[in-house]
Structures are given as structure tokens and as C-alpha cells.
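Enquirer: below is the sequence, then the predicted model.
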Amino acid sequence: MKLVSSAENSTLDWRAQYGYIEDIADGRGYTGGIIGFTSGTSDMLELVQAYTAQAPGNPLAVFLPALQAVNGTASHDGLGAPFVAAWKAAAQLPEFRASQDSERDRVYFDPAVSMAKGDGLGALGQFIYYDAAVVHGRGNGSFTLDGIRATAMARAATPTQGGNEVAYLNAFLDARVVAMKSEPAHQDVSRIETAQRVFLQQGNLDLRPPLSWKVYGDSYTIGAAGN
């Protein structure tokens, strides 16, 4: 979570990001929360739906029709400042934080880690898949996690297929760079080249701390295990 937060929010304090929300001009509307749920894709809508199922009177429930209407677009129609204020208010509540955790795991973390384990990858590979899922999502497109994986597998075998883990992950990261650069908002690929690729070049396939990396020119370190 700290590694992803360094790229998503420029901090290791991922638990402070439940209330984060802004439009980062990437064509996906509002980006908010611990994993960058967006109003222009289905994950923010699904989050608020899940939260509302648990807490029907929550501050965000009234925005469900607007979230449904803007899904798939960059529009703020029906949202705007009242929605931003409601998001920040909801983030003070344990139920909304729990809903963010649950949706992060359901949509991104658990499927990505399961896929990586199935491919015979260690902790680094699991993180690499998870980060790709966070940025690109799942699906049949060439630049989703699944599409990037398919491109990599056409170039190198996974460990489960008898391939070399380092060679396969390099192929995956090469394909990921292409996917990143396909979007104007993701031309900076330092979250790959000065973070994930660094660990791979070090042969740290288990992500053993201490870890040192850079994202967008900022330096980060995670020391001994648990710090």
C-alpha cells in the first residue's frame, strides 16, 4: 500500500488518503480515496453503491444518480463542490473507510495477487500486477492488466510456464511502459522505471526491506520490516 501510495498520492501515508478527492485532468472525472477511485470509471460508483448498502443514510447516497449519469465520462454534472464536501465528510466515518478497503481488495488487490501467484510470481511480481490493475483496470483491452500480461506472455514465459521470473517481469514492465505512454496523463513512467524496475534489477523478488525508490523525482524509503 505504501509503494502504490507513493505514486498515487506522493506519500507513504496511505491511510491518510481516504478523504482525498480532486480532478487530476486525466479524463476520468474525480479521483478519490486510497486507491484513486474515479467517477469516470465504474469503481467510484460501485464503491458508493457498496457503502450505501451498508450505510443507507450516508452523505454520498444522494449522489448515486449523478455518479451513474457521469460514469464513463469526465463530467462533474450533479457532483461538484457538494460532492467533494460529502466525500470528505464520509471519509471521517469508519464505515466509508471500511468500504474503501473492501472495494480496493475486491476489485484490485485480491484479483491481481491471485493472478500473480498463479503465474508463479513472488511479492514483487504481485505488487507489479496490483499497481497495473490500479492504473489500468482489468478487462480485454490491450492496455488493461490482462492485456499487458498477454503481451508479456507472448514475449517471455511465466515461472509457472517454466520461464525465468526476472525475464518475464522485465517483459511485463516493458509492456506496461507502452500502456502508460498511451495516455497523456501517464507519460511519466517513473513509477515503473525508478521504482519497480529498480527492485527487479536488484533481484529483490521478495520485496525484502529496506526498499529505496523514486517516483516523479521524489525519494522514498521503507526500512526494516514493519516500518
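Expert: On my side now, so go ahead.

Enquirer: and the gap between the most centrally placed residue in the chain and residue 7?
Expert: Central residue of the chain (C-alpha atoms, centre = their mean): residue 134, 2.2 Å from the mean position. Using C-beta to C-beta, to the nearest Å, we find residue 134 at a distance of 9 Å from residue 7. Where C-beta positions appear, they are placed from N, C-alpha and C, glycine not excepted.

Enquirer: quick revisit: host element of the residue nearest to the centre of the chain?
Expert: In this assignment (DSSP states H and E), residue 134 forms part of helix 123-136.

Enquirer: now that helix: buried residues?
Expert: Neighbour counts over helix 123-136 (16 or more other C-beta atoms under 10 Å) mark 124-136 as buried.

Enquirer: what helices or strands is that helix leaning on?
Expert: helix 2-8, helix 110-118, helix 145-153, helix 165-181 (3 or more C-beta pairs under 8 Å, 6 or more residues apart in numbering; DSSP states H and E).

Enquirer: how far away from the center of its chain is the first one?
Expert: Taking the mean C-alpha point of helix 2-8 and that of its whole chain, the gap between them comes to 9 Å (C-alpha atoms, centre = their mean, to the nearest Å).

Enquirer: could you export that helix as CSV, CA atoms only?
Expert: The C-alpha coordinates for helix 2-8 follow below in CSV (Å, rounded to 0.1, in the frame of the first residue of the first chain):
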residue,chain,number,x,y,z
LYS,A,2,2.9,2.4,0.7
LEU,A,3,4.5,1.6,-2.6
VAL,A,4,1.4,2.4,-4.5
SER,A,5,0.6,5.4,-2.4
SER,A,6,4.0,6.9,-3.3
ALA,A,7,2.9,7.0,-6.9
GLU,A,8,-0.8,7.7,-6.4
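
Enquirer: packing partners of that helix?
Expert: helix 123-136, strand 211-215, strand 218-222.

Enquirer: same question, the third one
Expert: Counting contacts by 3+ C-beta pairs under 8 Å, 6+ apart, the secondary-structure elements packed against helix 145-153 are helix 110-118, helix 123-136, helix 165-181.

Enquirer: distance to residue 145 for the ones you listed - can I get that in TSV?
Expert: Putting those into TSV (distance: least, C-beta to C-beta, whole Å) gives the following:
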stretch	distance to residue 145
helix 110-118	7
helix 123-136	5
helix 165-181	9
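
Enquirer: many thanks, have a good one.
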